[in-house]
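Asker: One predicted model, sequence on top.
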Amino acid sequence: MMIFLFNSCQQNEIFLTGSVEGSDSTIVAISDFIISDTPDTIVVKDGKFSHKINIEHPGYYYFIYGEEVKMIFLAPGYDLNIAIQATDSTTNYTFLGKGDLENNTLQKINKELDKLSF
């Protein structure tokens, strides 16, 4: 029974790693804002961060960096690297690893939606 519980927990894990270039920000955060209104705070040290999250179901989460809030998609078993390149005028996000296709596509869609004016 213990082996099953341990294996079950591992299947729900997500590993987030990343780097921040062009900024001295020391914190990023992630939240679903549905189950918890308090985001998981992730410390950025020497421009890098690493964090493990346990989730039961795939879904959309908010990735918070400075004043920016980006929607990302996470699913159990993801091992996702987020590279953040900040300049004075824009911040670019690149996703690598398991889950990169979904998240790079989501960012492209959001960029196009940001261009629309209502």
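Answerer: Yep, that arrived. None of the values given here were measured: they were computed from a predicted structure. Numbers count the residues shown, from 1 in each chain.
Asker: from here on, contacts and neighbour counts on C-alpha atoms
Answerer: Fine.
Asker: State the mean pLDDT of stretch 18-26.
Answerer: Across stretch 18-26, pLDDT averages out at 87.
Asker: quick one: that stretch to chain centroid distance?
Answerer: Mean-position distance between stretch 18-26 and its chain equals 14 Å (Cα atoms, centre = their mean, to the nearest Å).
Asker: Quote the end-to-end distance of it.
Answerer: 12 Å (Cα to Cα, to the nearest Å).
Asker: same deal with stretch 73-93?
Answerer: With Cα to Cα applied, stretch 73-93 spans 13 Å between its terminal residues.
Asker: Can you mark which positions in that stretch are buried?
Answerer: Buried residues in stretch 73-93, counting neighbours by 16 or more other Cα atoms under 10 Å, are found at 73-84.
Asker: Tell me which entries of those lie within strands.
Answerer: 73-74, 79-84 (DSSP state E).
Asker: pLDDT at the nearest residue to residue 22 once chain neighbours are set aside, what is it?
Answerer: Nearest residue to residue 22, sequence neighbours excluded (Cα to Cα, 6 or more residues apart in numbering): residue 86, at 4.8 Å. Predicted confidence (pLDDT) for residue 86: 87.
Asker: Just to check, residue 86 is in contact with residue 21?
Answerer: Yes: using Cα atoms under 8 Å, residue 86 is in contact with residue 21, at 6.0 Å.
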